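*Asks:* fold the following, please.
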Amino acid sequence: MLKRHEIEILLKAGHSKAEAARLAGISLRSVNRIAAEAPVVHVDDAAEREKRRIGRPSIVEDFRKLVVKILQEKPDLPSLEILRLVREAGFQGGKTALYALVATVRPKQIKPLIRFEGLPGEFSQHDFGEVDVTFLDGSSRRIHFFASRLKYSRFIRVSVVKDQTVESLVRNLAEHLDSWGGAPLMCVFDRPKTVTLKWQRNGEVTEWNPVFAYVMLELGVGVELCWPHSPQQKGAVENLVGFVKSSFFKVRCFHDQEDLAQQLIEWHREVNQERACRATGIIPAVRLAEEASRLRSLKVHPKDLALRIPVYVGPTGTWATSPESRTFLVHSVYLLR
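*Replies:* Residues are numbered from 1 along each chain as shown. Next up, the predicted model:
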């Protein structure tokens with residue numbers, strides 16, 4: 001339709017039909033046809049194609065009423081069976097065209113959106129996120145953060161982290177759980193390499209990240225995994241990382257990173273203790289009071305948490321043992337040949 005509009009403009013500007021055809025890159029025959037049409041009043045190409053019935057008519061259209069009748073009587077009838085019935089009625093076309101027709105007329109089953117609230121202390125969500133922040137002085141920086149939220153109370157904790165390694169995950173997880181007063185029955189994660197390394201097609205994990213696994217054992221925390229980028233699993237319809245970005249990082253201005261950290265403290269107070277959650281209509285701190293008795297105490301305090309980092313040494317390899325080389329805290333190290 002915009003091309004037709006272009007031809008109209010060229011003709012109104014005084015160009016001949018031949019010049020309009022050359023400038024617009026279409027045939028003179030098309031220009032003659034457009035010149036005889038009514039002026040363009042919209043640019044909805046799809047609607048215009050439907051109105052003009054552009055394209056070769058499909059022979060399957062002659063059987064539309066029959067297909068509609070079949071689906072009215074048996075909405076769940078397989079397309080292959082519909083093809084058999086229509087061919088018995090004289091259809092000689094291919095199955096692709098018929099299947100496309102069936103898809104357009106078959107009644108759609110719309111599944112209602114159900115928000116699964118969960119029980120107090122049942123589970124929590126945890127995930128990394130990153131966002132590019134531009135400070136008021138014009139400088140910009142990519143901010144990594146780790147977010148946690150109790151599903152029942154919607155009480156949330158967000159920490160700015162230096163990276164998205166397994167150590168950042170487990171240490172911030174421990175701090176978040178401790179700030180809530182304990183851990184729920186299950187902590188729900190996606191499947192990043194910081195959590196699991198391999199799994200089968202049915203979702204069964206065959207190899208956990210060893211550092212993560214040892215920490216969960218030390219803390220006494222249960223773990224449940226969802227498929228990556230599927231926050232609707234376990235009833236978590238809301239996207240945790242998306243909520244943090246849209247309600248904090250993208251709606252506030254920061255002088256520098258220190259100002260960001262200070263505003264993050266204020267934001268925690270606002271979303272947890274002052275503002276009612278849109279999902280529940282209740283302030284999260286109020287529901288946390290109901291949930292607190294169902295949370296389980298951590299076996300190890302976050303400050304006392306040590307990481308078990310397995311170190312693999314090959315037949316000809318060596319491992320430095322000087323104090324300067326050990327820059328991380330190791331609870332126990334396994335040397336495997």
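*Asks:* please compute how far whichever strand or helix holds Phe128 lies from its chain's middle.
*Replies:* Using DSSP states H and E, Phe128 falls within strand 123-134. Strand 123-134 sits 12 Å away from the centroid of its parent chain (Cα atoms, centre = their mean, to the nearest Å).
*Asks:* quickly run through the sheet partners of that strand, with directions.
*Replies:* Sheet pairing here is set by DSSP bridges, and for strand 123-134 it gives strand 140-150 (antiparallel), strand 186-189 (parallel).
*Asks:* so which bits of it are buried?
*Replies:* Phe123, Ser124, Gln125, His126, Asp127, Phe128, Gly129, Val133 (16 or more other Cβ atoms under 10 Å). No exception for glycine: its C-beta is placed from N, CA and C like everyone else's.
*Asks:* could I get these as a markdown table with pLDDT and distance to Glu204?
*Replies:* What follows is these, written out as a markdown table (pLDDT from 0 to 100; distance: Cβ to Cβ, whole Å):
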| residue | pLDDT | distance to Glu204 |
| --- | --- | --- |
| Phe123 | 89 | 19 |
| Ser124 | 93 | 22 |
| Gln125 | 92 | 21 |
| His126 | 94 | 21 |
| Asp127 | 93 | 21 |
| Phe128 | 94 | 23 |
| Gly129 | 94 | 27 |
| Val133 | 94 | 39 |
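*Asks:* now render those residues as a markdown table, adding distance to Arg142.
*Replies:* A markdown table is the format used below for the buried residues of strand 123-134 (distance: Cβ to Cβ, whole Å):
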| residue | distance to Arg142 |
| --- | --- |
| Phe123 | 30 |
| Ser124 | 26 |
| Gln125 | 23 |
| His126 | 20 |
| Asp127 | 17 |
| Phe128 | 12 |
| Gly129 | 11 |
| Val133 | 8 |
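*Asks:* poorly predicted segments of the stretch 201-337 of the chain, please.
*Replies:* Across the stretch 201-337 of the chain, the ranges flagged by pLDDT under 70 are 227-238, 312-314, 316-337.
*Asks:* please, where are all the helices along it?
*Replies:* 210-219, 240-244, 257-269, 284-291 (DSSP state H, counting those that start in this stretch).
*Asks:* please apply the same query to the stretch 1-150 of the chain.
*Replies:* So, for the stretch 1-150 of the chain - with DSSP H, counting those that start in this stretch - the helices run 2-12, 17-24, 28-35, 45-52, 64-73, 79-88, 95-105.
*Asks:* for the closest residue to Cys277 other than its chain neighbours, which three-state class applies?
*Replies:* Closest residue in space to Cys277, ignoring its immediate chain neighbours: Arg154 at 4.4 Å, by Cβ to Cβ, 6 or more residues apart in numbering. Following DSSP: H, G, I helix; E, B strand; the rest coil, the label given to Arg154 is coil.
*Asks:* re the thing from before, so for Val105, which of the helices of the stretch 201-337 of the chain sits nearest?
*Replies:* helix 240-244 (36.1 Å; Cβ to Cβ).
*Asks:* so what does that closest one touch, helix or strand wise?
*Replies:* If you count contacts as 3 or more Cβ pairs under 8 Å, 6 or more residues apart in numbering; DSSP states H and E, helix 240-244 packs onto strand 123-134, strand 140-150.
*Asks:* now the last one against helix 284-291, angle please.
*Replies:* Read that as strand 140-150. For strand 140-150 against helix 284-291, the angle by axes from the mean of the first three to the mean of the last three Cα atoms, to 10 degrees is 40 degrees.
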